[in-house]
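**Student:** Sequence below, structure please.
(2 chains)
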Amino acid sequence: MLRKLSVIAAVAGLLTAGVAGPALAGHGPLEAKDVHWSFEGPFGRFDQAQLQRGYKVYREVCSACHSMSLVSFRNLGDKGGPFYDEKYPNSNDNPYVKAIAKDYEVADIDNETGDAIKRPATPADRFPAPFANEAAARASNGGALPPDMSLLAKAREAGPAHIYSIVTGYVAPPAGLKVDPTSHYNPYMAGDLTSYWSGSHEHVPPGGFIAMAPPLKAGQVTFDDGTPSTLDQQAKDVSAFLMWAAEPKLEERKQTGFAVLLYLLLFAGLLYASYRKVWKNESH
Amino acid sequence: MSGHSTYEPKTGFERWLDARLPIVRLGYDSFVDYPTPRNLNYWWTFGGILSLCLASQLITGIILVMHYTPSADHAFASVEHIMRDVNYGWLIRYMHANGASMFFIAVYIHMLRGLYYGSYKAPREVLWLLGCVIYLLMMATAFMGYVLPWGQMSFHGAVVITNLFGALPVVGESITTWLWGGFAVDNPTLNRFFSLHYLLPFMIAGVVILHIWALHVVGQNNPTGVEPKSKADTVPFTPYATVKDGFAMSVFLILFAFFVFFMPNALGHADNYIPANPLVTPSHIVPEWYFLPFYAILRAVPDKLMGVLAMFGAIACLFALPWLDRSKVRSMRYRPTARIHFFIFVVACCILGVCGAKLPDDQIIPGLTTFKVMESDLNSFVWLSRVAAAYYFAFFVIVMPFLPLSEKTLPVPDSIASPALSHPAAAPVEATAAPEMKG
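**Tutor:** Numbers count the residues shown, from 1 in each chain, chains lettered A, B, ... in the order given. Next up, the predicted model:
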């Protein structure tokens, strides 16, 4: 039996060695940078100050082109959100959220005349999109469509680390790479650059082209809490904020999970004890 | 199992009901007094675990439908509405999505258990066939359920799978058009998938009832593969099996909860958080993990039609298994050679699963180029999947029927109780020593 098991183990080992082997350079993006997030792990939580800074980066930079259509203003004041205040369990009453909403204009219809109008947003409204429609968004962005940001942090394999890596990952294109004037080289972007590469096939640079110019630079956003506004800080904060936007119930989920697991462990222990007792005098 | 009922109505109401609809008697005979072999191990707890999975999927699914909008324009947003605005919607949806994976983990273990201990052999053929029908229905249900969020992987997965039927000669194109309800995967497709996704689980529940009925007619198999001969071989279902099943279920729930609460998206695809867009095809369309072995078999065959037939053939083998296996000995515990083949079979299935997730031309050993056979390098996942698929089929059509002709089997015990009672731990005092370690 032992011999058989070792054969099986050897086969399995060979298999995993083959599967886990590192991919060769080129033909694909670099692996996302390793970032430490406060919301990692079973006890991870959002860092509210970080979410507030991240919101400011979104508001002042990203939202010029990127919509966030699944998020309502009231969500900002929900538990676990950037502007949650325990004095206002109903986030629609949160004065900070109300003030943020009022700065936006949303489309509506005048109830009296039926005319299309604009009015200041309320916490119940969703974040309005920066462009009227997809064609308008493409027309303003050199033909590329800035993706909606509501779920972006979950819609990429590496999650928020992907956003962070893209934003901080712009480098000058290597010599020999033909870059379109409306495009930018980014080693973390998905793509295959083989057909734009004049060098040898073995050394195609990693990554792909992205229409977005480097969006952030040091000092671009002034953080209200005095945090130095480095590119790295801005990128981290906005990625954390987008993770919150994609998974606003993350804290609630992990907290509930802890209680559920504790209960199940006790329950399983109790059942195991019952099992031992019931089977005590039965051979099997 | 057959035998007369020992149920005695205790109250007046029970007597009154028992004379009119003996439903309490049915429950008593099936889940309390029902004799189970005393030597069932933990692999036998997956039937109960599967009932739990089915119940969980039905309940969470019915609640999800209360908030979901089956429309190509609104499906994606309505799923996000569930995640963000419905009270505990995130919990219900993550339970349902991960529940599907848990269901398949459990069903695969359940099937492999049946395979190992020969639970498909006479007189349990119909029991096995009903199980295969349940598995088939589960696959259809899971596939259609994955389409409902109408994300990128939903949409393009639906395109790939429905297109498979297009490979059938003459009728293929008409069948795909009929499945789609049009000339492409679109709103009509989503609506019929939704309708069927709601219907099939109840069909599964129906077949499960037949499956349990058949089980109670022929009785449970057990690790020795020897039918119970006397009362000494069995214990009553309650409390013996109930408490053991209950413990196993609670352990299974811990695994389930771990996924739901701490890594709810680990088994899904990031692309499915992008709304479906027919004009943008994801770079790498992969089915859910539980379909990967069949996907690998499909792609292992260079010809599309033959690939489709091979894939369905892989499932057909399961149906034919009771008549393919010619061994007189039921349990592989006493079939050392068959047991080795069983373990290779499990490894082959896992290899197929890995291959299904890779691009066919990806190299297994990076950087090594060998020579091309049938247009693919030998050092590629497509060749690995060919080898594994060949073993998969060989297991059913060569090993099962022909191994018994020359197989040396070990002596089979006369009865269940004899090896159990002669076991050193069965002496009265040490009877409690590590019962979970024994078969």
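**Student:** can you list contacts of stretch A:258-267?
**Tutor:** The contact list for stretch A:258-267, computed with C-beta atoms under 8 Å, 6 or more residues apart in numbering or on different chains, reads A:42-43, B:250, B:253-254, B:257-258, B:261. In this view, the C-beta of every residue, glycine as well, is placed from N, C-alpha and C.
**Student:** Same check on stretch A:88-99?
**Tutor:** Applying C-beta under 8 Å, 6+ apart, the set of residues contacting stretch A:88-99 is A:73-78, A:81, A:83-85, A:122-124.
**Student:** Need the contact partners of the strand or helix carrying A:Gly54.
**Tutor:** Using DSSP states H and E, A:Gly54 falls within helix A:48-60. Applying C-beta under 8 Å, 6+ apart, the contact partners of helix A:48-60 are A:38, A:66, A:68, A:76, A:81-84, A:149, A:216, A:220-221, A:223-225, A:227, A:233-234, A:236-242, A:244.
**Student:** Next up, the contacts around the residue minimising distance to the centre of chain A.
**Tutor:** Closest to where the C-alpha atoms of chain A average out (C-alpha atoms, centre = their mean) is A:Ala153, at 1.8 Å. By C-beta under 8 Å, 6+ apart, the residues touching A:Ala153 are A:159-160, A:163, A:239, A:242-243, A:245-247.
**Student:** B:Ala276 now?
**Tutor:** Taking C-beta under 8 Å, 6+ apart, one finds B:72, B:76, B:150-152, B:154-156 in contact with B:Ala276.
**Student:** and those residues near chain A, which?
**Tutor:** For chain A, no contacts are drawn from the contacts of B:Ala276 by C-beta under 8 Å from any C-beta of the partner chain.
**Student:** how about the contacts of stretch A:258-267 in JSON lines, adding neighbour count and pLDDT?
**Tutor:** Shown next, in JSON lines, are those (neighbours: other C-beta atoms under 10 Å in any protein chain shown; pLDDT from 0 to 100):
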{"residue": "A:Pro42", "neighbour count": "13", "pLDDT": "91"}
{"residue": "A:Phe43", "neighbour count": "10", "pLDDT": "93"}
{"residue": "B:Ser250", "neighbour count": "20", "pLDDT": "98"}
{"residue": "B:Leu253", "neighbour count": "21", "pLDDT": "98"}
{"residue": "B:Ile254", "neighbour count": "15", "pLDDT": "98"}
{"residue": "B:Ala257", "neighbour count": "19", "pLDDT": "98"}
{"residue": "B:Phe258", "neighbour count": "16", "pLDDT": "97"}
{"residue": "B:Phe261", "neighbour count": "22", "pLDDT": "98"}
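**Student:** what's the closest of these to A:Gly176?
**Tutor:** Comparing the contacts of stretch A:258-267 against A:Gly176 with C-beta to C-beta picks out A:Pro42 as the nearest, at 46.6 Å.
**Student:** So what does whichever residue of the stretch 51-200 of chain B sits closest to chain A look like in phi/psi?
**Tutor:** Nearest residue of the stretch 51-200 of chain B to chain A, counting by C-beta to the nearest C-beta: B:Trp90, 4.5 Å away. With angles defined as degrees, to the nearest 10, B:Trp90 sits at phi -60, psi -40.
**Student:** To what extent is the residue nearest to it when sequence neighbours are not counted buried, counted in neighbours?
**Tutor:** Closest residue to B:Trp90 apart from its sequence neighbours, by C-beta to C-beta, 6 or more residues apart in numbering or on different chains: A:Lys249 at 4.5 Å. If you count neighbours by other C-beta atoms under 10 Å in any protein chain shown, A:Lys249 ends up with 19.
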